[in-house]
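Q: Provide a 3D model corresponding to the input given below.
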Amino acid sequence: MSGGVDSSVAAALLLEQGHQVVGVTMRLWGGESDTGCCSVSDVDDARRVAQQLGIDHLVFNFTDDFHRHVVDPYVADHARGITPNPCIECNRYLKFDRLLERADVLGFDAVATGHHARIENIDGVWRLLRGADDAKDQSYVIHMLDQDALSRTLLPVGTLTKVEVRAHATRLGLRTATKPDSQDVCFITSTKSPDGATGRSSFLRRRIELHAADVVDDAGEHVGRVDAVELVTLGQRRGVAGGGGTKRFVVDVDVPQRRVVVGPESLLLVDRELGSSPTWTHGPVDGRVWVQCSAHGEPRAGSIRTNGVDGNQVDVVWDEPQRRVSPGQSLVFYDRDGGWVLGGATTASLTTSASR
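A: Numbers count the residues shown, from 1 in each chain. This is a model prediction of the structure:
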């Protein structure tokens, strides 16, 4: 129970179905927080909803695991010019792996969450499917679940729209019924520091040295400077040199050389991507798939092939040239009907532009 409406209703639905339910909130971030699911008020909301439902509420302190698997890699990735997705890593290592481990120790049969996705057993195989509400579908961010995890996970709100979830919470009088959805990284504050730095910039500046960098165009001409090359993301427009009415996008970030290259959007188009460290819901897959490159992005048509040592890489070949995906982001593979998750991988490197 994160303190939000989805997990609150998930607990309520399980009670209505006759399950014995215990509410659990994971204490993950011990530092400053005013967003996401790690603030003191969120823990309090979860506790009070548990009281309303008449169930026990436990708090598990996983702060060390959270730092090791989420915060420290987030900082290290930025130092290398990689754009991480900490919410996916939190799901991977904390909300399922660590929580399922704790559930086993305590003798629970399953773990339930408020994610908008569905799990079904189809012909003896556990399938992770998209949620009923396309606008709120979260199958992308839990793509790493394997057969063992899927068999012991319940997603009670996956068959409901968000409107239906809130209506259910209102009917029960839950205090989270109208609570806004969390949108931000929980350990990055939404407020600026006294010097005007954004939450992300301020957070990273306290942990690593940030370096100014030259901005050059695709012909090598100097067109400006950025204050921190570590904060620049592939495809970015804001904060990099434009000028002359020409739209320029970041097409390369070179942290060691302190250089950012900008150019026309056509330079972002590629024929293929490379994914590393793939995970599969039911064994490796080769062939035609849909690939989703962000939590709510449009799926792209392509083909995948597993290769590398022990299958540790996945080649993605697009049907039509697509914009590059920033290294560190997840490529999630869906079956050709787009309904269920096959697996996913982390974008490993930049590839050759399709326009060259």
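
Q: contacts, neighbours, all on C-alpha from now
A: Will do.

Q: for the residue positioned nearest the centre of the chain, which non-adjacent residue is closest in space?
A: In the chain, the residue lying closest to the centroid (CA atoms, centre = their mean) is Ile88, at 3.6 Å. Spatial nearest neighbour of Ile88, chain neighbours left out: Val141 (5.3 Å); criterion: CA to CA, 6 or more residues apart in numbering.

Q: go on, Met144?
A: Thr279 (5.7 Å).

Q: tell me the bridge partners for the one you found.
A: Assessed by DSSP bridges, Thr279 has beta-bridge partners Gly344.

Q: residues in contact with the longest helix seen in the chain: which ones?
A: Under DSSP state H, the helix in the chain containing the largest number of residues is helix 40-53. With contacts defined as CA atoms under 8 Å, 6 or more residues apart in numbering, helix 40-53 is touched by 1-4, 8, 12, 23, 25, 37, 56-57, 174-176.

Q: one more time with 6 Å
A: For helix 40-53, contacts defined as CA atoms under 6 Å, 6 or more residues apart in numbering pick out Met1, Gly3.

Q: helix or strand right after it?
A: Where DSSP states H and E defines the elements, the next helix or strand beyond helix 40-53 is strand 57-61.

Q: what angle sits between that following strand and helix 40-53?
A: Between strand 57-61 and helix 40-53, the angle comes out at 150 degrees (axes from the mean of the first three to the mean of the last three CA atoms, to 10 degrees).

Q: what residues of strand 57-61 count as buried?
A: Judged by neighbour count using 16 or more other CA atoms under 10 Å, the buried positions of strand 57-61 are His57.

Q: just how off-centre is the next helix or strand after it within its chain?
A: Note on strand 57-61: by DSSP H and E, the next helix or strand toward the C-terminus is helix 63-66. On the basis of CA atoms, centre = their mean, to the nearest Å, helix 63-66 sits 18 Å off its chain's mean C-alpha point.

Q: list the buried residues for helix 63-66?
A: Neighbour counts over helix 63-66 (16+ other CA under 10 Å) mark Thr63, Asp65, Phe66 as buried.

Q: out of the residues you listed, who's nearest Thr347?
A: Distance to Thr347 across the buried residues of helix 63-66 (CA to CA) is lowest for Phe66, with 22.2 Å.

Q: what sits against that closest one?
A: Contact analysis of Phe66 by CA under 6 Å, 6+ apart lists Leu28.

Q: same question, the one 4 residues further on
A: Under the criterion of CA under 6 Å, 6+ apart, the contact list for Val70 reads Pro86, Glu89.

Q: what's the separation between it and Ala348?
A: According to CA to CA, to the nearest Å, Val70 stands 18 Å off from Ala348.

Q: neighbours of Gly173, how many?
A: 12 (other CA atoms under 10 Å).

Q: show the average pLDDT along the longest helix of the chain.
A: Mean pLDDT, computed over helix 40-53, is 92.
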